[in-house]
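Novice: Predicted model follows, preceded by the sequence.
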Amino acid sequence: MTVSDVFDLLFVDDNTRFIIRDSDSCVLAFGYCFDDDVISYLHYEVFSFTCKFRSNRACVFVDLEELR
């Protein structure tokens, strides 16, 4: 699964925030799916992701496979 596949989940919309992290949980990018920082990780492999919902907004934490 890639970051792009996570964008395609049914609950993801323009108000969904993404936090892209590396294998050490360091934040690499933060923003919405249309932000350049987040878009630059579209083809990276996802190790896991977690969703949190608050007030009809989703926040998705995406942990990437180990970067080489």
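Specialist: That came in fine, so what should we check first?

Novice: Please make it C-alpha for all contacts and neighbour counts, starting now.
Specialist: OK.

Novice: Excluding residues flanking it in the chain, which one is nearest Val12?
Specialist: Ala58 (7.3 Å; C-alpha to C-alpha, 6 or more residues apart in numbering).

Novice: Would you confirm that that neighbour contacts Arg17?
Specialist: Yes - judged on C-alpha atoms under 8 Å, Ala58 makes contact with Arg17 at a distance of 6.5 Å.

Novice: before we move on, back to that, let me see the contact set for the residue nearest to Val12.
Specialist: Neighbour list for Ala58: Phe11, Val12, Asn15, Thr16, Arg17, Cys51, Lys52 [criterion: C-alpha atoms under 8 Å, 6 or more residues apart in numbering].

Novice: Could you dump those residues into JSON lines and include distance to Val3 and pLDDT?
Specialist: Converted to JSON lines, these look like this (distance: C-alpha to C-alpha, whole Å; pLDDT from 0 to 100):
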{"residue": "Phe11", "distance to Val3": "15", "pLDDT": "84"}
{"residue": "Val12", "distance to Val3": "12", "pLDDT": "86"}
{"residue": "Asn15", "distance to Val3": "17", "pLDDT": "89"}
{"residue": "Thr16", "distance to Val3": "14", "pLDDT": "92"}
{"residue": "Arg17", "distance to Val3": "13", "pLDDT": "93"}
{"residue": "Cys51", "distance to Val3": "14", "pLDDT": "93"}
{"residue": "Lys52", "distance to Val3": "17", "pLDDT": "93"}
